[in-house]
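J.: mind folding the following:
(2 chains)
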Amino acid sequence: MLQLLLFIGGLAASLALVIKSADIFVDNIVEIGTNLGISEIILGVTASAVGTSLPEFGSAMMAILTGNPDIGVGVAVGANIWNIGGILGISTIVTGVLTAQKEELHRDGLMTLLTAVVLAVSIYFLGNISRVLGIVLIAMYIIYFWVLIRAHKNHTSPEKEDTYVDLKDKKRILSKKSIFWAVLGLIGLAVGCRIIVYCTVELSAIANISAGLAGILLAFGTTTPEFFTVLTSARKGLNSLAIGTVFGSNIFNILIGLGIPSIIVQIPVDPSTIYFNAPVMVLITILLLVLIKQGMKLTRIKGIILVAFYIAYIVTRLLFIN
Amino acid sequence: MYEKILVATMGEYMDEIMEHTLDLLENRKIEVIGIYVVETSVPFLTPKKVKEMMITELRAKGREILKKMEKIFEAPGCQEIKFKKILAEGDPAEEIVKTAELEGVDLIILGTGKNIVDKRLLGSVSEKVVHSTPCTILLVKTT
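T.: Prediction:
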């Protein structure tokens, strides 16, 4: 019992460490990038895309590299299903309505679906995530990132351009403080992710559940930044940011979260992910896009449908597939 | 009766609020302050960059709403109305009350806001303002 409490405490503490370290890391990397003269648009897009997804990425990467690939894949796929069914569903129930823009739905929504389909189909035929597939996933992300930057450039208001000019005119001196905090953030992220994986492995052994299922449950914790970002932006009426965070995170989790580690080591995928989790991820993405397409908004009823879908999924996963 | 009024809006229900405001003013010589409050609070674990992004977006939204409001008061039939806009940051209810006190307004106009379910889930700015208002309030029933 004491051991169980110790691991749960360790997991919670390491999750908090990872989330805070990711925040510090992104914040200071943006600062360093600004000082190096990297475009504010590129930094802004990177910060928003990477910022909330670093805990999943770090945990998945660490799990895969330490010989626990089922946890790694479980975190990435589990986070994607939870992002839509849980986070977006709950946020819509709380706020009542979330409107979507056509452009974002067509660009980010379809890319989210394409990402899910590519992963589901590839692992169905290959049974693993190979280096070649990893390169394809990363290449897809680079293309998507380029499209995003182009879109942001087209939408940059004159006021934002003024700010950009001001930043460009600043003397570009690399701040030692920023480098120190970025490195410290990265160390915190790595150490925290290692503890997360260790605690998850131990807890799954104590609870007698599979590593894949443990990874899916771990996604509840690693998606905390997404949860607060989506719920808060939805409450503030920033609908594009709310829906965009979910799309951006889901794309990043697969293309980078699984793409990068697969370059280093081939990732074996367990049958429950091939035949159940990945198809569910594709289905819930299709469901979301269909629900948004009707009236270009999510309503409270649609939010309930998403949450109900997630509950049905997690109950089935817990009771029938270990 | 009123010489200086504060019209608060978060963008939603603006048409209804403005319709009631214009009806009440009837182009009298009066000073109107339009206020939009950028709500800056976020939960503890929200990434800093995301918070900054939210505030930037809300500032832009606020400026747009206040500009729309200004246009309405510049329309023919509103020549006697002197309009001033304020973009504040912080807790909406607190900022509305604080501005009302600082500016010495005699009336605050705002919408009743959300339905009962939304009020329970999201809280209500108008309810908070009612409890600490320094002057008379006109709550416009919004649908």
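J.: tell me the SS of residue A:233?
T.: Three-state call for residue A:233 (DSSP: H, G, I helix; E, B strand; the rest coil): helix.
J.: how close does residue A:203 sit to chain B?
T.: Noted for residue A:203: a distance of 21 Å to chain B, by Cβ to the nearest Cβ, to the nearest Å. For every residue, glycine as well, the C-beta is placed using N, CA and C.
J.: next one: residue A:231
T.: Between residue A:231 and chain B the computed distance is 8 Å (Cβ to the nearest Cβ).
J.: what's the neighbour count on the closest residue in space to that residue that isn't next to it in sequence?
T.: The spatially closest residue to residue A:231, leaving aside those adjacent along the chain, is residue A:91, at 4.7 Å (Cβ to Cβ, 6 or more residues apart in numbering or on different chains). Residues lying near residue A:91 (other Cβ atoms under 10 Å in any protein chain shown) number 25.
J.: give me phi/psi at residue A:91?
T.: Torsion angles at residue A:91 (phi, psi; degrees, to the nearest 10) stand at phi -60, psi -40.
J.: secondary structure element for the residue in the stretch 101-250 of chain A positioned nearest to chain B?
T.: Closest to chain B within the stretch 101-250 of chain A is residue A:228: 4.4 Å, counting by Cβ to the nearest Cβ. Per DSSP states H and E: residue A:228 is located in helix A:224-235.
J.: related to what we said a few turns ago, thinking the residue of the stretch 101-250 of chain A closest to chain B is in contact with residue B:42, fair?
T.: Yes: the criterion here is Cβ atoms under 8 Å, and residue A:228 meets it with residue B:42 at 7.0 Å.
J.: after the helix holding residue A:228 comes which helix or strand?
T.: Scanning forward in sequence from helix A:224-235 by DSSP H and E, the next helix or strand is helix A:239-255.
J.: kindly format the C-alpha coordinates of the one helix or strand residue B:33 maps to as PDB.
T.: Here residue B:33, judged by DSSP H and E, is contained in strand B:30-38. Only the C-alpha atoms of strand B:30-38 are listed here, as PDB (Å, rounded to 0.1, in the frame of the first residue of the first chain):
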ATOM      1  CA  ILE B  30     -24.100  62.900 -22.100                       C
ATOM      2  CA  GLU B  31     -20.800  61.300 -21.700                       C
ATOM      3  CA  VAL B  32     -20.600  57.600 -22.500                       C
ATOM      4  CA  ILE B  33     -17.700  55.400 -21.500                       C
ATOM      5  CA  GLY B  34     -17.400  52.000 -23.300                       C
ATOM      6  CA  ILE B  35     -15.400  49.400 -21.500                       C
ATOM      7  CA  TYR B  36     -14.000  46.000 -22.500                       C
ATOM      8  CA  VAL B  37     -12.100  44.000 -19.900                       C
ATOM      9  CA  VAL B  38      -9.300  41.600 -21.000                       C
END
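J.: and that strand, what's buried?
T.: Buried residues in strand B:30-38, defined by neighbour count with 16 or more other Cβ atoms under 10 Å in any protein chain shown: B:30, B:32-38.
J.: same check, this time on stretch B:69-86
T.: Using 16+ other Cβ under 10 Å as the test for burial, stretch B:69-86 gives B:69, B:72-73, B:78, B:81, B:83, B:85-86.
J.: so what's the closest residue to residue A:82 other than its chain neighbours up against?
T.: Nearest residue to residue A:82, sequence neighbours excluded (Cβ to Cβ, 6+ apart): residue A:219, at 5.2 Å. Applying Cβ atoms under 8 Å, 6 or more residues apart in numbering or on different chains to residue A:219 gives the contacts A:56, A:74-75, A:78-79, A:81-82.
J.: one more time with 10 Å
T.: Neighbouring residues of residue A:219 by Cβ atoms under 10 Å, 6 or more residues apart in numbering or on different chains: A:55-56, A:59-60, A:74-83, A:86, A:226, A:253.
J.: quick check, stretch A:242-254 touching chain B?
T.: Yes: on the criterion Cβ under 10 Å from any Cβ of the partner chain, stretch A:242-254 is in touch with chain B at residue A:245.
J.: and that stretch, average pLDDT?
T.: For stretch A:242-254, mean pLDDT rounds to 93.
J.: off-centre distance for it?
T.: With Cα atoms, centre = their mean, to the nearest Å as the basis, stretch A:242-254 stands 6 Å off its chain's centre.
J.: only alpha carbons, please: show that stretch as CSV.
T.: Backbone C-alpha positions of stretch A:242-254 (Å, rounded to 0.1, in the frame of the first residue of the first chain) are rendered in CSV as follows:
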residue,chain,number,x,y,z
ALA,A,242,-9.3,26.2,-28.1
ILE,A,243,-10.0,24.0,-31.2
GLY,A,244,-6.6,24.8,-32.7
THR,A,245,-4.8,23.6,-29.6
VAL,A,246,-6.5,20.2,-29.9
PHE,A,247,-5.8,19.9,-33.6
GLY,A,248,-2.2,21.1,-33.2
SER,A,249,-1.5,18.8,-30.3
ASN,A,250,-3.0,15.7,-32.0
ILE,A,251,-0.9,16.4,-35.1
PHE,A,252,2.3,16.9,-33.1
ASN,A,253,1.8,13.9,-30.8
ILE,A,254,1.8,11.5,-33.8
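J.: now do residue A:81 against chain B, distance only.
T.: Taking Cβ to the nearest Cβ, one finds residue A:81 at 21 Å from chain B.
J.: ignore the last one, residue A:27
T.: For residue A:27 relative to chain B (Cβ to the nearest Cβ), the value is 5 Å.
J.: which ones among the buried residues of stretch B:69-86 are found in strands?
T.: Counted as lying in strands by DSSP state E, out of the buried residues of stretch B:69-86, are B:81, B:83, B:85-86.
J.: which of those lies closest to chain A?
T.: Proximity of those to chain A (Cβ to the nearest Cβ) peaks at residue B:85, which lies at 16.3 Å.
J.: which non-adjacent residue is nearest the closest one?
T.: Leaving out its chain neighbours, the residue that sits closest to residue B:85 by Cβ to Cβ, 6+ apart is residue B:66, at 4.1 Å.
J.: so where does that neighbour fall, helix or strand?
T.: Element membership of residue B:66 [criterion: DSSP H and E] is helix B:48-74.
J.: ok, residue A:252 touching residue A:108?
T.: No: counting by Cβ atoms under 10 Å, residue A:252 sits too far from residue A:108 to count as a contact (11.2 Å).
J.: need the residues touching each of those two.
T.: Common neighbours of residue A:252 and residue A:108 (Cβ under 10 Å, 6+ apart) are residue A:144.
J.: how about the nearest residue to residue B:96, chain neighbours excluded?
T.: Ranked by Cβ to Cβ, 6+ apart and with sequence neighbours excluded, the top spatial neighbour of residue B:96 is residue B:8, at 5.0 Å.
J.: I'd say that neighbour and residue B:100 touch.
T.: Yes: with contact defined as Cβ under 10 Å, residue B:8 counts as touching residue B:100 (9.0 Å).
J.: quick one: common contacting residues for those two?
T.: Joint contacts of residue B:8 and residue B:100 (Cβ under 10 Å, 6+ apart) are B:33, B:35, B:108, B:129, B:137.
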